[in-house]
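Trainee: Turn this into a structure:
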Amino acid sequence: MNKFEKQNFFTLFVCFLVFCNFAAEHYSCASFCTFMNMEFDFNFYRSILMLISSALSLVGLICTLFKYTVGLKICLITYLFQTLGFVHDGYHFVLSFGLIINWSIAIGNSSLEIGLVGVLMSLLLYTALLKVNIKKKPSAQTGSII
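Mentor: Sure thing, here's the model as predicted:
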């Protein structure tokens, strides 16, 4: 695993945003599960997906704080999955957790959901991944004849 040299302001800012969204995911998962238990049949699969997304965000956040680039990549992949969704005749195939701001494009009876928070966070995480200085491993020097 590659480590980066030091935290810059941008990576700390992205970590803060991921933590805020993680807290919103945790709160929305708890309130969603309570709502589903009280009003409807419990939706087991949606709560499992929310738990997995929340766990991936937390793992990515911890890895990023310990200066591993894989943490930024985990968070990036998690938010990339939240960018697109599809709704057709009451069936919702949208992965959006935490803070949800969707833009919807209607196509007949269906609609395409674009998660604006997922797009924004993906762009920020990709930029943070480009801005970190990855430590170079010292390579073995070959002997040269002068």
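
Trainee: Point out the other helices and strands that the helix or strand where A55 lies packs with.
Mentor: Under the criterion of DSSP states H and E, A55 resides in helix 44-65. Applying 3 or more C-beta pairs under 8 Å, 6 or more residues apart in numbering; DSSP states H and E, one finds that helix 44-65 contacts helix 9-39, helix 69-81. C-betas here are computed from N, CA, C, even on glycine.

Trainee: In three-state terms, label the residue nearest to N21 when sequence neighbours are not counted for me.
Mentor: Leaving aside its chain neighbours, N21 sits nearest to G98 (4.0 Å; criterion: C-beta to C-beta, 6 or more residues apart in numbering). Under DSSP: H, G, I helix; E, B strand; the rest coil, G98 falls in the coil class.

Trainee: contact partners of stretch 57-76?
Mentor: 1-7, 11, 14-15, 18-19, 21-22, 25, 56, 78, 98, 121-122, 125-126, 128-129, 132, 134 (C-beta atoms under 8 Å, 6 or more residues apart in numbering).

Trainee: So which bits of the helix holding A55 are buried?
Mentor: The neighbour-count check on helix 44-65 (16 or more other C-beta atoms under 10 Å) flags R46, M50, S53, S54, L56, S57, L58, G60, L61, C63, T64 as buried.

Trainee: for those, which one is nearest V94?
Mentor: Of all those, R46 has the smallest distance to V94: 10.3 Å, by C-beta to C-beta.

Trainee: quick one on the thing from earlier: check contacts around the residue nearest to N21.
Mentor: Here G98 is in contact with N21, F22, A23, A24, E25, S28, S57, V117 (C-beta under 8 Å, 6+ apart).

Trainee: now do 6 Å
Mentor: N21, A24, E25 (C-beta atoms under 6 Å, 6 or more residues apart in numbering).

Trainee: Compare these and tell me which is most surrounded.
Mentor: Counting neighbours by other C-beta atoms under 10 Å, N21 leads those with 24 neighbours.

Trainee: Retrieve the pLDDT associated with that one.
Mentor: You'll see N21 listed with a pLDDT of 83.

Trainee: how far away is S57 from M50?
Mentor: 11 Å (C-beta to C-beta, to the nearest Å).
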